[in-house]
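Chemist: Quick one: sequence and predicted model below, then my questions.
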Amino acid sequence: MQETNKQVPVTVLTGFLGAGKTTLLNRILTEQHGKKYAVIVNEFGEQGIDNDLVVDADEEVFEMNNGCICCTVRGDLIRILSGLMKRADKLDAIIVETTGLADPAPVAQTFFVDQDVADRTKLDAIVTVADAVHLSSQLTDHHEAEEQIAFADVVLLNKIDLVDENGLEVVKQRIKKINPFAKIINTTKCGVPLNEVLNLDAFSLKRVLEVEPDFLKSDHDHEHDDDVTSLSFVSDTPLDMEKFQDWFTKLLQTKGQDILRTKGILDFTGESDRYVFQGVHMLMDASPMGKWPKGKERSSRLVFIGRNLETMNLKEGFENCKSA
Amino acid sequence: MKADLNNFPQLNKTKFENRGKEFRLGIPVINAVTVGNSIAVGFGDGTVRIFSSGKSSEPIKAHKGIVLCMAKDGDHILTGGDDGRFLRISLDGNINEISNFGTRWVDHVTSKNGSVVCTSGNIVYLWMPNKKEPKLLEHDSTIGGVAFDSKGRKLAVSKYGGVTLWKKDYSNKWTSSDLIWKGSHNKVIFSPDDRYLVTSMQENQLHFWRLKDKIDSAMSGYGAKVKSFAFVGDSKYLATSGANDAVCWPFDGDGPVGREPICLPYVGKQLVTFVESFPNENAILTGLGDGSVYLSEIEKANNTIIIRSFTEFEVSAIAVTDDCSHLLIGDMGGNILWTSIWDEEKN
């Protein structure tokens, strides 16, 4: 890995057709004077992108031949990002716009799996633009809409001028139920300060420590069994590292397809450092992240976002990891 | 600990660096192709430069962004760029645009006996000799690489799931068959005797097919993606990048199945990033991640000499002139060494 080469941040823009992705994209491109961006679009995308460097992509998803069944990546992104990194002029950022029906997982996994991509670029954040009027019905009808919310670091809830206060609250609760980590920003015409959607470093382990999830206190009632929901666990009793690794590795191996995103901060017996991890399906990034802050209680926190979480005995599994 | 720059050891330059010409252009070198006794180099700013003995090399503004791919076409070169242009360029810098694909990249180019090929997305565009309009060969996924066999009668197209092998019959009709292996295949080459087809994969491995009986196998064990590989001599070895050693697989007899490769080690445990066969010898030029380049004889473990010392930037191109008098080395930091190979040659 060449440390001298600064990694170029990549922002992924998802959202259903008509939610306002192109509006946000053009806002980013016109407001950031003097910055050099590459925009990767798909051939079915909305037209009219105001940038010098627009690259057509095929959204080609393929499986890695590494025995990991849900390890899909975007082959076109590997090709295009590797190409862009050979340019003589360095880019300030890259924005990937996905089609409305795209699953964000292969995009995110590309940054875990391909070493060239990981060396030279970094996934900055997944920003999902949602239409406040239509999101609820889209979530009911299309699992892709759920996935786009589940993977989001930021949900830009757009067109709020077209719903009443009550309607807005309902759709926000629905988003939080799927993804308590996502920051929800209310907008009309995607009017948002750009520092709230760019350079977020949302996939760094350091950020896992900083983001406080906004959990709903309430219920676990679902409309469908395959709804995407989130579950979280907290323990003040330190965990046994070996037990945790056994449980968690097996869990991701067997249920990784249903577990969309995981994040956690862990307190292991006998370890002075905090362990932080985050994952997309079966792929994980984990590391000790320094000592526990003074004056703050040590505790372990673990969050899952996924489908059929209630069938995975997560609570029991987590409890069994506590040191005797 | 602080580095004392005044006392920092100066590494000795090699004799090739001392007598050759060094260019510090600061523009990433993407590819290099030999055309006779000249070497064409493509850069990350869209320019091409032609290096030859006794001549200075002026930049030819070929593409807007990057020279993504390059191949020899008779006494010209073909280039494809991220500006969607597919070009034929003469050694004196005349540019002829063969086709333009707009915002779609031209990913691969090749030619053989007057037939010219470029790929964009999942389509091969094939211009037969003296034909104005290309023939379109469509595939079910994006193309990772293309290669003609030595006679130009077969065209291998690597992609997701394997290789499509196109064959031209005597009425010039192209028909295809598939060589299947799970995963995404990138660069593809034929062995010089056309008996084998080799691809590098998205995973850290290569794959080969023996064409007479379609026997295939993986060549694995690499620590990184294998981006550069080349047959050495008369198909005897396949030299490969992607490890700390230059890994050379035996392709004589029945090929590499069940046999061990020869591994040529280098000091410093750097990744091998580029390999090129040294013409007429059982030897390879090996470029490393720190910019150093070595010449090694494959079957004589201790017979390695250093051609270029380190530059800190990974070697991205090595080419030798057809008369074997000069070689060129380029790296991702935009450093180029053009040097005579033998002591008595001039630069």
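Modeler: Noted; the coordinates are in hand.
Chemist: ok, now which ones touch B:Gly255?
Modeler: Contact partners of B:Gly255, counting by CB atoms under 8 Å, 6 or more residues apart in numbering or on different chains, are B:196, B:208, B:210, B:215. Backbone N, C-alpha and C define where each C-beta goes, glycine included.
Chemist: Can you tell me the closest non-neighbouring residue to the closest residue to chain B within the stretch 51-200 of chain A?
Modeler: Relative to chain B, the nearest point of the stretch 51-200 of chain A is A:Asn65 (3.3 Å; CB to the nearest CB). Leaving aside its chain neighbours, A:Asn65 sits nearest to B:Gly183 (3.3 Å; criterion: CB to CB, 6 or more residues apart in numbering or on different chains).
Chemist: Scan the contacts of B:Gly255 and report the most crowded one.
Modeler: B:Phe208 (24 neighbours; other CB atoms under 10 Å in any protein chain shown).
Chemist: What separation is there between that one and B:Ile189?
Modeler: Plainly put, B:Phe208 is 10 Å away from B:Ile189 if you go by CB to CB, to the nearest Å.
Chemist: Find residues that contact each of those two.
Modeler: With CB under 8 Å, 6+ apart as the test, B:Phe208 and B:Ile189 both reach B:197-198.
Chemist: Please name every helix or strand in contact with the helix or strand containing A:Ile94.
Modeler: Under the criterion of DSSP states H and E, A:Ile94 resides in strand A:93-97. When contacts are defined as 3 or more CB pairs under 8 Å, 6 or more residues apart in numbering or on different chains; DSSP states H and E, strand A:93-97 sits against strand A:8-14, helix A:21-31, strand A:37-42, helix A:75-84.
Chemist: Parallel or antiparallel, list what pairs with the strand or helix carrying B:Ile50.
Modeler: Using DSSP H and E, B:Ile50 falls within strand B:47-52. Partners of strand B:47-52 in the sheet, by DSSP bridges, are strand B:38-43 (antiparallel), strand B:60-61 (antiparallel).
Chemist: For that strand, C-alpha coordinates in PDB please.
Modeler: Output of strand B:47-52 as PDB, limited to C-alpha atoms (Å, rounded to 0.1, in the frame of the first residue of the first chain):
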ATOM      1  CA  THR B  47      -0.200  11.900 -24.400                       C
ATOM      2  CA  VAL B  48       2.000   9.400 -26.300                       C
ATOM      3  CA  ARG B  49       5.800   9.700 -26.700                       C
ATOM      4  CA  ILE B  50       7.900   7.700 -29.100                       C
ATOM      5  CA  PHE B  51      11.400   6.800 -27.900                       C
ATOM      6  CA  SER B  52      14.100   5.700 -30.300                       C
END
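Chemist: which residues sit against that strand?
Modeler: Under CB under 8 Å, 6+ apart, the answer for strand B:47-52 is B:27, B:37-43, B:57-63, B:67, B:70, B:77, B:79, B:89, B:91, B:93, B:321, B:328, B:336, B:338.
Chemist: For chain B, which residue gets nearest to chain A?
Modeler: Going by CB to the nearest CB, chain A is nearest to B:Gly183 of chain B, at 3.3 Å.
Chemist: Test my guess that that residue contacts B:Asn204.
Modeler: No: look at B:Gly183 against B:Asn204 with CB atoms under 8 Å: they stay out of range, at 11.1 Å.
Chemist: Show me the helices in the stretch 101-250 of chain A, by range?
Modeler: Listed in chain order, the helices of the stretch 101-250 of chain A (DSSP state H, counting those that start in this stretch) span A:104-113, A:115-120, A:135-141, A:143-151, A:165-178, A:205-210, A:241-255.
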